[in-house]
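Undergrad: sequence unavailable; structure follows:
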Ligand code: UD1
Ligand code: CA
């Protein structure tokens, strides 16, 4: 099979009105990646040489996403939504180039795997001219039914056109199909639109092939793989299926999770060995967690790199560009963005570290803020190796604190601090002896009962 060439046609011209969203349907994310990107990842894994994506008019965003995933993807526009067969024929010039196998895949079926696409190709290699992916859904309503004659697939009947007997068939059409390249245009060209919806149905390829004495077959897969997403509720179901795939894969690779059902991953989240992820942790796109790191409960990470043996949270937020070196510790309610935390460095309770660097072994006290934004531009803060920043310090960027320097608690640091120096940038404490005692005495005097109502009134107006 490896020698056979393959063209994949991904249909994404549907309007997706039932999503009730300004975002095109196939751009809705599942595990942090668009549905279209999931489909194109499977397509790439199935060994396709050419990929055509069929989009509707004014779908620049969809075309951009297709090219971002696969720079060589060809984009075709289906001017009018006239059915799935018409959509496939929008890519006619690509089909005419004559690939051995043609795969048709729906952009709204994001859970499809590369292996299943390979199985469909295998059936074409095995002398079928049409191979359809079937499944037995819990609720078959809305799906086309596969009409079998022994092992031969003779027709697919759309529900709206099906007889009562045909409606009872529990084997349904998952929507994906493989066609033998040399007969594809011939078959597609014969598809008409004489049906209830007046659309050109790709599913008619089966009865047409049968009429041409060509073999059509059905392969079966699970409902999860061919779940079509038409609504936000179905999007949530697909997210759940995908999350379990990712959690299972992570645990398989040696990640410990006490409550995997509360951990949310992205399709690109990468884990080393012996990582622990406590409950209620969310990973956005672009996260790498190296060996033996611990992500404590209720942390949120996105675009973050967590080094070996590092500790994050509980309740930490790592934003894009957070780079934690080995054995560093980012504590509770700490936020890190576009900043490196050096080896063994610590950032404690409620610190904000944005745009800068914390040297190895440095200690960032509780409540320390990297004041990185002046209302117009962002500036960097650089804390040297082994430096100690006292609690509640404000480091006003651009500023550098030298190696092993010490910043007193509550300081507002606006000038660079030389290595090894102590910097204090705060009001000096003043003690006023007996001030509080005297105040307490006055209060006691004021509280003594007034002699008459008028006297009381007078005292009030005096205040
Ligand atoms: C389709 C199948 C049905 C199958 C079901 C599985 C047909 C005729 N019916 O029905 O047998 O059980 O999928 O989910 O194929 N599209 C276009 N242009 C069009 C029409 C559709 O690009 O003119 C795209 C849509 O964006 C979508 C895909 O084709 O990605 C399927 O279209 P949709 O209308 O969702 O088909 P179903 O009614 O779900
Ligand atoms: Ca659909």
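TA: Received it, and whenever you're ready, just let me know what you need. Keep in mind the model is a prediction, meaning the values are calculated, not measured. Ligands and ions are numbered 1, 2, ... in the order given.
Undergrad: now the residue in the stretch 51-200 of the chain positioned nearest to ligand 1: how far from residue 132?
TA: Using Cβ to the nearest ligand atom, the single residue of the stretch 51-200 of the chain nearest to ligand 1 is residue 144, 2.4 Å away. Glycine gets a C-beta too; all of them are placed from N, C-alpha and C. Separation of residue 144 from residue 132 (Cβ to Cβ, to the nearest Å): 9 Å.
Undergrad: do the same with residue 230
TA: Residue 230 sits 20 Å away from residue 132 when distances are taken as Cβ to Cβ.
Undergrad: looking at the two, which one has more neighbours?
TA: Legend: neighbour count by other Cβ atoms under 10 Å for residue 230 and residue 132, higher for residue 132 (28 against 16).
Undergrad: what lines up beside the helix or strand harbouring that one in the sheet?
TA: Assigned by DSSP states H and E, residue 132 falls within strand 130-135. Its sheet considered, strand 130-135 pairs with strand 172-180 (antiparallel), strand 216-220 (parallel) by DSSP bridges.
Undergrad: what's in contact with the helix or strand following that strand?
TA: Going down the chain from strand 130-135, the next helix or strand is strand 145-149, by DSSP H and E. Residues outside strand 145-149 that contact it (Cβ atoms under 8 Å, 6 or more residues apart in numbering) are 132, 134, 153-157, 159, 162, 166-167, 169, 171-173, 218.
Undergrad: can you give me the buried ones in strand 145-149?
TA: Across strand 145-149, burial judged by 16 or more other Cβ atoms under 10 Å covers 145, 146, 147, 148.
Undergrad: and what of stretch 89-100?
TA: Per 16+ other Cβ under 10 Å, stretch 89-100 contains these buried residues: 89, 90, 91, 94, 95, 99, 100.
Undergrad: now for these: which two are most distant?
TA: Farthest pair in the buried residues of stretch 89-100 (Cβ to Cβ) is 90 and 100. Separation: 21.1 Å.
Undergrad: residues contacting residue 203?
TA: Residues in contact with residue 203 (Cβ under 8 Å, 6+ apart) are 84, 144, 156, 157, 158, 173.
Undergrad: one step back: give the buried subset of the contacts of strand 145-149 as a ChimeraX selection command.
TA: Buried residues among the contacts of strand 145-149 (16+ other Cβ under 10 Å), as a ChimeraX selection:
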select :132,134,153,155,156,157,159,162,166,169,171,172,173,218
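Undergrad: filter the contacts of strand 145-149 by proximity to ligand 1?
TA: Residues of the contacts of strand 145-149 in contact with ligand 1 (Cβ under 6 Å from any ligand atom): 156, 172, 173.
Undergrad: wait, doesn't the second one sit right on residue 133?
TA: In other words, residue 172. No - the pair residue 172 / residue 133 is not scored as a contact, 9.9 Å apart, by Cβ atoms under 8 Å.
Undergrad: okay, the ones next to ligand 1 among the contacts of strand 145-149 in a markdown table with distance to residue 389 and pLDDT next?
TA: Conversion of those to a markdown table gives the following (distance: Cβ to Cβ, whole Å; pLDDT from 0 to 100):
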| residue | distance to residue 389 | pLDDT |
| --- | --- | --- |
| 156 | 68 | 97 |
| 172 | 63 | 96 |
| 173 | 63 | 96 |
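Undergrad: now do the strand holding residue 132: distance to the chain's middle.
TA: Taking the mean of its C-alpha atoms, strand 130-135 sits 30 Å from the chain's own mean (Cα atoms, centre = their mean, to the nearest Å).
Undergrad: where's residue 379 relative to residue 400, distance?
TA: Relative to residue 400, residue 379 is positioned 11 Å away (Cβ to Cβ).
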